[in-house]
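Visitor: With the sequence up front, the predicted model follows.
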Amino acid sequence: MTAVLTQKTSMGHKPIAYYSGLLDPAMKGHYPCEQALATAAFAVQKSTTIVMGSPLTLYVEHAVFAILQKSKSTLTTQRVSGYEVILSIPSLQVVRCHTVNPATFFAHLVSDDEQVHDCATYTPEEESKVGEDPIPWSTLLFVDGSSFIDEETGIRHSGAAVVKAEQQGSSDTLQIVSQIPLPSHFSAQAAELVAIIETL
């Protein structure tokens, strides 16, 4: 992510500060439009220490508000709310332009023969839902982990198990793949994780 803060003078826009950063791992997996939304919020956030509530114009190539509305199905509620708060401050004006970010080799206008990005046609794809039907060629494994306290002795017992379903004739049978006794300090959640890791 890169951004540049400029001040408008009689000689044009004078650079005051350059900002750069890395997208967090979660945003790296999103579409370019959503990454541009994160970059816009980053630019506004970084510039607040210098701007201090003065009028600020954010020039962006993407239609960030349209992207924000469309991304509610693919971004977390916390992330969307954060972007809404940052991009809706009263002193901020968002202007869409097709000028290259000066922080990346300074400005040049997009030529007429170059295709301008159209955020209006952008539609985020939701993650494909996990189906309930098993994949025909897959190995069907069941995992379980448990942790309980023996009422008589007061000792905690923890363990994990992995079993495999095998079809024999018209019925399925379960075969134990692994059964793992665990230290007593393991919780039920930790035991479940051990069982899942064991299947890999």
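Guide: Perfect, I can see it now. Numbering: from 1, shown residues only.
Visitor: Can I get the helix or strand containing A66 in PDB, CA atoms only?
Guide: Counting by DSSP states H and E, the element that carries A66 is helix 64-70. Below are the C-alpha coordinates for helix 64-70, written out as PDB (Å, rounded to 0.1, in the frame of the first residue of the first chain):
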ATOM      1  CA  VAL A  64     -14.600   3.000  -2.600                       C
ATOM      2  CA  PHE A  65     -18.100   3.600  -1.200                       C
ATOM      3  CA  ALA A  66     -19.600   1.300  -3.800                       C
ATOM      4  CA  ILE A  67     -17.000  -1.300  -3.000                       C
ATOM      5  CA  LEU A  68     -17.700  -0.900   0.700                       C
ATOM      6  CA  GLN A  69     -21.400  -1.600   0.200                       C
ATOM      7  CA  LYS A  70     -20.800  -4.600  -2.100                       C
END
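Visitor: what's that helix packed up against?
Guide: Under the contact definition 3 or more CB pairs under 8 Å, 6 or more residues apart in numbering; DSSP states H and E, helix 64-70 sits against helix 32-51, helix 77-87. Backbone N, C-alpha and C define where each C-beta goes, glycine included.
Visitor: Need the residues that contact the last one.
Guide: Contacts with helix 77-87, where a contact means CB atoms under 8 Å, 6 or more residues apart in numbering, come from 37-38, 40-41, 44-45, 58, 64-65, 68, 71-72, 94.
Visitor: try 6 Å this time
Guide: Outside of helix 77-87, the residues within contact range by CB atoms under 6 Å, 6 or more residues apart in numbering are 41, 44-45, 68, 72.
Visitor: Report the rounded mean pLDDT for the helix or strand that it is followed by.
Guide: Remark: after helix 77-87, the chain's next helix or strand is strand 92-96, criterion DSSP H and E. The average pLDDT for strand 92-96 rounds to 90.
Visitor: follow-up on the earlier one: out of the helices and strands packed on helix 64-70, deepest packed?
Guide: helix 32-51 (a mean of 19; mean count of other CB atoms under 10 Å).
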